[in-house]
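# for reference, the sequence and a predicted model appear below.
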2 protein chains.
Amino acid sequence: MRLLLGPGPSNAYPEVLAALGRPLLGHLDPEFLAIFDETCERLRAAFQTRNELTLPVSGTGSAGMEACFVNLLEPGDTAIVGVNGVFGERMCEVARRCGAEVVRVEAPWGTALDPEDLLDARRANPRARVLAVVHAETSTGVENPVAPLAVLADTDTLLVVDAVTSLGGIPVDVDGWRVDATYSGTQKCLSVPPGLAPITFSARATERLRTRERPPQSWYLDLGLVGEYSRERRYHHTIPISMVYALHAGLGVLLDEGLEVSWARHRAAGDRLHAALPDLGFELIVDPAHRLPELTTAWLPGGADDASLRKRLLEEHDIEVGGGLGEFAGKAWRIGLMGHNARPEIVDRFLTALSASASR
Amino acid sequence: MRLLLGPGPSNAYPEVLAALGRPLLGHLDPEFLAIFDETCERLRAAFQTRNELTLPVSGTGSAGMEACFVNLLEPGDTAIVGVNGVFGERMCEVARRCGAEVVRVEAPWGTALDPEDLLDARRANPRARVLAVVHAETSTGVENPVAPLAVLADTDTLLVVDAVTSLGGIPVDVDGWRVDATYSGTQKCLSVPPGLAPITFSARATERLRTRERPPQSWYLDLGLVGEYSRERRYHHTIPISMVYALHAGLGVLLDEGLEVSWARHRAAGDRLHAALPDLGFELIVDPAHRLPELTTAWLPGGADDASLRKRLLEEHDIEVGGGLGEFAGKAWRIGLMGHNARPEIVDRFLTALSASASR
């Protein structure tokens, strides 16, 4: 049994694995619909929102990203995208494939985006349809500030936030931050296997679905149609039953614990790791003000070989950590302490194994 | 525990439910990649193909449909689509959203498409990029002939086949029928929960990915990128780990049994149902030559109330059957005997419950 300390998937809660093995129900069975509705209600609690259009999209986090852009954008629209890592880049690519003009607002990898730069870009492009930012950049371990972007709610530009690696691990305040469209993934701080993308749309983002000139280019991710299943039980596609069981169970664990307690647990685990890594020769990449607790990036010690060290951890200690992506490939690690794994004893087990592997 | 005799999901094999509850592995873990590769190899066996590009798409069967069209079509292309039910209609809608001109070839609901009509449409539109047909129309219980369309391989038109409800239940001969792109779902005759879409592309369909003028409008379903994960272990999106375990296990059950034995089991179960339904006042809709064994449509007996009879079966006997879709809504049932449920004792349990419910 692997200890999954990479950028996701994290290990699932035992309650989640038990739920996955439950016998199937039909996707229109009243018993399943009750579980589905309760899952959506739990998602609202986790997202801290009262948005009606809140549901799990039938794909992974990247499908959630695509669902936001294909539903909100039409060809010729302008999308402002914050880019300081792989997932900001991915947003640009997805928006371009929707036919949008993309305005990039960049920051160096490992640093946070400046919200003023994003708001300046909007002032320069006042008709921008969306402004999108990754809350927790999984490729760099950076938290990008979202709260200062709440002022967009007073403009015609919709605020889109990637909460894939933040939901459940650090505060995500959809209504407080006046976010219009947010998506997440199940396999990070929710400790549910990958396969669903929780999503929530504000009233004005939902209104946008009705005022489009033409339907979204994706039928599968058309939230107007998907929402009809959620609201009116109208068949659209067959919902991934077992994965909904799993998400329902994982959200149950999170909400039983309480959001604040979960955030504090992630914070404490991250702090414990951050305090110890420099003594092992790892250099933390992100400044403390923007350093995620649930996903830590660190430069490898001089002379350490990325691939062989990760292989040793995996084969000798059954521990997976993540290699660097993009600019960080071969030079940095990504260490996840997410959901079920955000615990001091897990940090200590990792540090012990790392000491043993690195000293060989 | 429900007996799921609707149009899907079917009940999962016990081996599948056990696999779902297994601890997670990372999506780049060598142990997971071995399971993933073996899953793809098992899919080749089930599809009867040697196509290299054969893998489970990270969404339900409808995502498989969309993956075929977004990868093969570009704006302005012509798509010929056979339409004799909901899923042929869905193909038209998905193709239109790709910017294609759609040429419809129709047959009345409950009857099969004439392959000659489809081939005539291609002769009238020789530059058509794709010709698409639903093999097993889940809305009507009709098998549309695919084998006569093999001649398309000698033209520039790619043959796309929906095998969502046929794979594992009746012969699907991808290489023998020279099909270019085929997709299926997991929750029908494979008896795996919904959430993945097995897909297979011929060499020339794969070549089409390389000769497109611009990238597919979907990043998530871009098979050029998804294929790089499969071939080169390059990260694209996080694969639904637990669902891959489940599909791996379900295909293992199917192949251990043998395709021919599974087809014969579905045939025998369907025949048993078809022989008995008329005595209960149900009228079979589809002529025997095109009647699917795994999904039976029948007109309700005169005076029977669709909703209340289905509710009684569900609440008193824990048996789900499917109502009619579209033209058949309220007037016909769809009874699935798929995968794990294609057994004589299941048919008998259903008939006993139906007799008891209908006579009240």
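Received the coordinates, thanks.
# extract the residue ranges of chain A that are flagged as low pLDDT.
Across chain A, the ranges flagged by pLDDT under 70 are A:360.
# domains in it, by residue range?
Recorded structural domains for chain A (assignment: automatic domain parsing) are A:14-255, A:258-358.
# what's the closest of those to chain B?
Chain B sits nearest to domain A:14-255 of all these, at 3.4 Å, using C-beta to the nearest C-beta. All C-beta spots, glycine's among them, are computed from the backbone N, C-alpha and C.
# the closest one spans what distance, first to last residue?
15 Å (C-alpha to C-alpha, to the nearest Å).
# and it, how far out from the chain middle?
8 Å (C-alpha atoms, centre = their mean, to the nearest Å).
# can I get the domains of chain A in JSON lines with mean neighbour count and distance to B:Gly176?
Below are the domains of chain A laid out as JSON lines (neighbours: other C-beta atoms under 10 Å in any protein chain shown; distance: least, C-beta to C-beta, whole Å):
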{"stretch": "domain A:14-255", "mean neighbour count": "22", "distance to B:Gly176": "28"}
{"stretch": "domain A:258-358", "mean neighbour count": "18", "distance to B:Gly176": "42"}
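# can you lay out those domains as TSV showing distance to chain B?
What follows is the domains of chain A, written out as TSV (distance: least, C-beta to the nearest C-beta, whole Å):
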stretch	distance to chain B
domain A:14-255	3
domain A:258-358	5
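# to B:Lys311, which of those lies closest?
The closest of those to B:Lys311 is domain A:14-255. By C-beta to C-beta, the value is 9.2 Å.
# SS state for the residue nearest to the spatial centre of chain A?
Residue closest to the mean C-alpha point of chain A, counted by C-alpha atoms, centre = their mean, is A:Val164 at 0.5 Å. For A:Val164, the assignment made with DSSP: H, G, I helix; E, B strand; the rest coil gives coil.
# which residues in the stretch 151-300 of chain A form strands?
A:158-162, A:181-183, A:197-201, A:283-284, A:295-299 (DSSP state E, counting those that start in this stretch).
# can you list the strands that the third one pairs with?
Strands adjacent to strand A:197-201 in the sheet, as given by DSSP bridges, are strand A:53-57 (antiparallel), strand A:181-183 (antiparallel).
# cool, and the fourth one?
Within its sheet, strand A:283-284 is paired with strand A:295-299 (antiparallel), according to DSSP bridges.
# against which helices or strands is the helix or strand following the partner strand packed?
As assigned by DSSP states H and E, the chain's next helix or strand after strand A:295-299 is helix A:306-317. Applying 3 or more C-beta pairs under 8 Å, 6 or more residues apart in numbering or on different chains; DSSP states H and E, we find helix A:306-317 packed against strand A:319-323, helix A:344-358.
# which residues touch the last one?
Taking C-beta atoms under 8 Å, 6 or more residues apart in numbering or on different chains as the criterion, the residues outside helix A:344-358 that touch it are A:3, A:5, A:268-269, A:272-273, A:276, A:280-281, A:301, A:304, A:309, A:312-313, A:316-317, A:319, A:321, A:335, A:337.
# before we move on, back to that, looking at the domains of chain A, which is nearest to B:Leu152?
Of all the domains of chain A, domain A:14-255 comes closest under C-beta to C-beta, at 24.4 Å.
# my read: A:Gly99 touches A:Thr78, true?
No. Between A:Gly99 and A:Thr78 there is no contact, the gap being 11.1 Å when judged by C-beta atoms under 8 Å.
# just the helices in chain A please.
Taking DSSP state H to define them, one finds helices in chain A at A:14-20, A:30-47, A:61-72, A:86-97, A:115-124, A:203-211, A:223-232, A:241-257, A:259-276, A:306-317, A:344-358.
# hmm, who's touching the second one?
Read that as helix A:30-47. Contacts for helix A:30-47 (C-beta under 8 Å, 6+ apart): A:25-26, A:50-51, A:54-56, A:163, A:167-168, A:172, A:174, A:182, A:184, A:190, A:198, A:200, A:230, A:233, A:239, A:241, A:244-245, A:247-248, A:251-252, A:254-255, A:259.
# switch the cut-off to 7 Å
A:25-26, A:50-51, A:54-56, A:167-168, A:172, A:174, A:182, A:198, A:200, A:230, A:233, A:239, A:241, A:244-245, A:247-248, A:251-252, A:254-255 (C-beta atoms under 7 Å, 6 or more residues apart in numbering or on different chains).
# and it, C-alpha only, in CSV?
The C-alpha coordinates for helix A:30-47 follow below in CSV (Å, rounded to 0.1, in the frame of the first residue of the first chain):
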residue,chain,number,x,y,z
PRO,A,30,-34.8,7.9,-5.9
GLU,A,31,-32.3,6.5,-3.5
PHE,A,32,-29.4,7.5,-5.8
LEU,A,33,-30.9,11.0,-6.4
ALA,A,34,-31.0,11.5,-2.7
ILE,A,35,-27.3,10.7,-2.4
PHE,A,36,-26.6,13.0,-5.4
ASP,A,37,-28.6,15.9,-3.9
GLU,A,38,-26.8,15.5,-0.6
THR,A,39,-23.5,15.4,-2.4
CYS,A,40,-24.3,18.7,-4.1
GLU,A,41,-25.4,20.2,-0.7
ARG,A,42,-22.1,19.0,0.8
LEU,A,43,-20.3,20.6,-2.1
ARG,A,44,-22.0,23.9,-1.3
ALA,A,45,-20.8,23.7,2.3
ALA,A,46,-17.2,22.9,1.2
PHE,A,47,-17.2,25.7,-1.4
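# relative orientation of it and helix A:223-232 in degrees?
120 degrees (axes from the mean of the first three to the mean of the last three C-alpha atoms, to 10 degrees).
# what sits against A:Pro23?
So A:Pro23 contacts B:1, B:11 (C-beta under 7 Å, 6+ apart).
# ok, A:Val16 touching A:Gly252?
No. With contacts counted by C-beta atoms under 7 Å, A:Val16 stays clear of A:Gly252, the gap being 9.2 Å.
# give me the nearest residue to A:Ala132, chain neighbours excluded.
A:Val160 (4.0 Å; C-beta to C-beta, 6 or more residues apart in numbering or on different chains).
# can you tell me how far the one you found is from A:Ile35?
28 Å (C-beta to C-beta, to the nearest Å).
# before we move on, what about A:Val192?
Counting by C-beta to C-beta, the gap from A:Val192 to A:Ile35 is 14 Å.
# quick one, what contacts the closest residue to A:Leu196 other than its chain neighbours?
Excluding its sequence neighbours, the residue lying closest to A:Leu196 (C-beta to C-beta, 6+ apart) is A:Pro56, at 4.1 Å. A:Pro56 makes contacts with A:39, A:196-198, A:244, A:247, as judged by C-beta under 7 Å, 6+ apart.
# so A:Pro56 bridges to which residues?
A:Pro198.
# and the spatially closest residue to A:Ser62 that is not a sequence neighbour, how far from B:Arg208?
Spatial nearest neighbour of A:Ser62, excluding adjacent residues (C-beta to C-beta, 6+ apart): B:His237 at 4.1 Å. Applying C-beta to C-beta, the value for B:His237 to B:Arg208 is 22 Å.
# got the strands of the stretch 151-300 of chain A as JSON lines, with distance to A:Cys68 columns?
What follows is these, written out as JSON lines (distance: least, C-beta to C-beta, whole Å):
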{"stretch": "strand A:158-162", "distance to A:Cys68": "5"}
{"stretch": "strand A:181-183", "distance to A:Cys68": "5"}
{"stretch": "strand A:197-201", "distance to A:Cys68": "7"}
{"stretch": "strand A:283-284", "distance to A:Cys68": "31"}
{"stretch": "strand A:295-299", "distance to A:Cys68": "21"}
